[in-house]
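1. Can you look at this prediction? I've put the sequence above it.
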Amino acid sequence: MKESQHGAPSPKVITIHLDESHLSSQIEHQSTCYPAGDNGSKRAVTLSSWLWRLWEGPTHTSQTGFSQRQKTLILFIVALGASISPMDTTLYYPALADVQTAFNTDATATNASNAAFTFVTGVFPMIWATCSEKWGRRPIYLISFAISITGNAICSVSTSISMLIALRFLSAIGSCSVFSLGAGTIGDVFEADERARAMSWYTIGTIVGAAIGPVLGGYLTEAYGWRSVFWLAASLTFLSWCTILLLLPETSPARSELDHGKVTEDDIMHEASARHQRSRHWRFWLLAPLKPFRAMTLLLYPNIFFACLINGFPFGVSLMLLTTFSWTYTSVYHYSNSMIGLCCLITAVGTFLAVQICGRWSDLAYRKERKRVIADGGEEKPEMRLNYRIYGLGLFLNVSSLVAYGWSVQNQVHSAIPIVLSFFVFFGFISYPIIVTTYMIDFNRNRAASSMACNNLLRYIIAGLGTLFSAQLVDALGNGILYTGCAIITLIIASSLIYVKVNSKKWAKLLAQRGS
């Protein structure tokens, strides 16, 4: 792939740099000579070759796409990875009170240890997305999850709340990568009419992690203390890391260009030489630290910005609800840690049913709408994904249940009522953002990972603020006013979907003008 006439590299070239390293490794390996009988050197080279093949992972040589069996395996691995970060978050909820006691601190400082995790989960997927578009998905999965394992293991030996906050920061840097890479992988592997259902199963990974986290965290905290939850998190992350290492192939379309002969070795060498010349210029080093944040340019598309906001606010409210749920059921209803964990399962049931019903419904509605449009001689558009019926039902369930939950807790009604209402809050919260998320992938498939990184950025910034100040908001406003206000803001933000859907030609023109 040659440079353009003006010396600027083709946009796809930078995504194949890992293959250049592989080529360099092959050249060095082929050109090395060993003295006769030097079995030690030969064994060392054999070991290094085996380790390199292990790092490269399973190869995908078909030019016609992945088989259904391969798609299922890839989706399972990605969904398993997606469960790690939510589990890291919710494992910790039942232990909040014990951590506060252990370090003799207040609720705000204790919540900060979770807020730090949440803020990082919002920002770092953007960096991982940019890296994956340059070097491929697989190596970024492996590096990031290794960081998460390290962070969780050291969290378990924290000696102060400030140390715990710092190490939660580190573990979040690693585990959050899947929030951008996962959607990118799904965009790589699945066709448009399969994508919503695939996103549903991917979302189930996050749901399962979030669901079993409080249950495991509650029982572990009671039996072995709060430190045990981090050892469990490190162990489960290691399990996911092993499945990626052994079973996940590289899915990035740009990476496969070399394998299929669309990019030659001469192209790689030519680009490497040009990049070396650019690296000698001072501007290269001045601007290099900013490159990971180029995913944020997608927020300049109004449709992407509003889609991220539609997804982000209800997500932030849901995490704030889970945080206050733990404190409320401890102080008002006097539930134990293990009982709180079991009560959180109802929210997981709601989200699980939502992704199954609405994911399938969304794909069915999309196929029906596409068939109708094509029959009428029209053009297929990503906005066909935005079905008002699915969206409206999920939104109604979310906001109405949110208001009812707030006032039921405020008035200290029977503990079963807020638990049932939380089911509908989470059913609604998942059911309408899932079609918006799939729309974002369909709109710009080449930058699906970056789209999800932007989505995550707004989601987790809002969630981090909500988690950090949840105790003060409840004290100042009460649960009733707080969640009624959240429902009103949710409705206002959700109405922007109409603007997104009716301006499909405008977004297509904007995408064509900007080129990506």
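-> Sure, I can see it. Numbering: from 1, shown residues only.

2. So for the chain, the centremost residue is which one?
-> Centroid check for the chain by CA atoms, centre = their mean gives F179 as the closest residue, at 1.1 Å.

3. That one sits in which helix or strand?
-> helix 178-189 (DSSP states H and E).

4. hey, C-alpha coordinates of that helix in PDB?
-> Taking Å, rounded to 0.1, in the frame of the first residue of the first chain, the C-alpha atoms of helix 178-189 are listed here in PDB:
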ATOM      1  CA  VAL A 178     -13.100  -4.800  25.900                       C
ATOM      2  CA  PHE A 179     -15.700  -2.000  25.900                       C
ATOM      3  CA  SER A 180     -14.300  -0.600  22.700                       C
ATOM      4  CA  LEU A 181     -12.500  -3.700  21.300                       C
ATOM      5  CA  GLY A 182     -15.600  -5.900  21.800                       C
ATOM      6  CA  ALA A 183     -17.900  -3.900  19.600                       C
ATOM      7  CA  GLY A 184     -15.000  -3.500  17.100                       C
ATOM      8  CA  THR A 185     -14.600  -7.300  17.000                       C
ATOM      9  CA  ILE A 186     -18.400  -7.800  16.500                       C
ATOM     10  CA  GLY A 187     -18.300  -5.200  13.700                       C
ATOM     11  CA  ASP A 188     -15.300  -7.200  12.100                       C
ATOM     12  CA  VAL A 189     -17.000 -10.600  12.300                       C
END
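
5. so what does it touch, helix or strand wise?
-> Packing partners of helix 178-189 (3 or more CB pairs under 8 Å, 6 or more residues apart in numbering; DSSP states H and E): helix 68-82, helix 84-90, helix 107-135, helix 137-155, helix 192-224, helix 433-443, helix 448-468. (Each C-beta comes from the backbone N, C-alpha and C, glycine too.)

6. if we go to 10 Å?
-> Contact partners of helix 178-189 among helices and strands, from 3 or more CB pairs under 10 Å, 6 or more residues apart in numbering; DSSP states H and E: helix 68-82, helix 84-90, helix 107-135, helix 137-155, helix 192-224, helix 253-259, helix 433-443, helix 448-468.

7. next one: that helix to chain centre, how far?
-> 8 Å (CA atoms, centre = their mean, to the nearest Å).

8. next one: stretch 480-496
-> Worked out by CA atoms, centre = their mean, stretch 480-496 lies 24 Å from the chain centre.

9. What residues sit buried inside that stretch?
-> G480, L482, Y483, T484, G485, C486, A487, T490, I493, A494, S496 (16 or more other CB atoms under 10 Å).

10. how about N387, phi and psi?
-> phi -90, psi 120 (degrees, to the nearest 10).

11. which of the buried residues of stretch 480-496 sit farthest apart?
-> G480 and S496 (26.5 Å; CB to CB).

12. picking up where we left off before, could I get the buried residues of stretch 480-496 in TSV, plus columns for pLDDT and secondary structure?
-> Shown next, in TSV, are these (pLDDT from 0 to 100; DSSP: H, G, I helix; E, B strand; the rest coil):
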residue	pLDDT	secondary structure
G480	92	helix
L482	92	helix
Y483	94	helix
T484	95	helix
G485	95	helix
C486	93	helix
A487	94	helix
T490	93	helix
I493	93	helix
A494	92	helix
S496	91	helix
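
13. could I get those as JSON lines with distance to I127?
-> Listed next are the buried residues of stretch 480-496 as JSON lines, based on distance: CB to CB, whole Å:
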{"residue": "G480", "distance to I127": "40"}
{"residue": "L482", "distance to I127": "33"}
{"residue": "Y483", "distance to I127": "33"}
{"residue": "T484", "distance to I127": "37"}
{"residue": "G485", "distance to I127": "33"}
{"residue": "C486", "distance to I127": "30"}
{"residue": "A487", "distance to I127": "34"}
{"residue": "T490", "distance to I127": "29"}
{"residue": "I493", "distance to I127": "26"}
{"residue": "A494", "distance to I127": "29"}
{"residue": "S496", "distance to I127": "27"}
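
14. for these, which one is nearest P214?
-> Y483 (20.0 Å).

15. Next up, the contacts around the closest one.
-> 317, 320-321, 324, 399, 401-410, 425, 473-474, 477 (CB atoms under 10 Å, 6 or more residues apart in numbering).

16. Quick check: which ranges of this protein have low pLDDT?
-> Scanning the chain for pLDDT under 70 picks out the ranges 1-45, 57, 59-64, 253-295, 449, 515-516.

17. same thing but at 50, please
-> In the predicted model of the chain, residues 1-34, 36, 258-265, 268-269, 271-290 satisfy pLDDT under 50.

18. returning to that earlier point: tell me the buried residues within the contacts of Y483.
-> Buried among these by 16+ other CB under 10 Å: 317, 320-321, 324, 399, 401-410, 425, 473-474.

19. Correct me if wrong: T484 contacts V409.
-> No: the pair T484 and V409 does not pass the contact test of CB atoms under 10 Å, sitting 12.0 Å apart.

20. Which neighbours do those two have in common?
-> Joint contacts of T484 and V409 (CB under 10 Å, 6+ apart) are G478.
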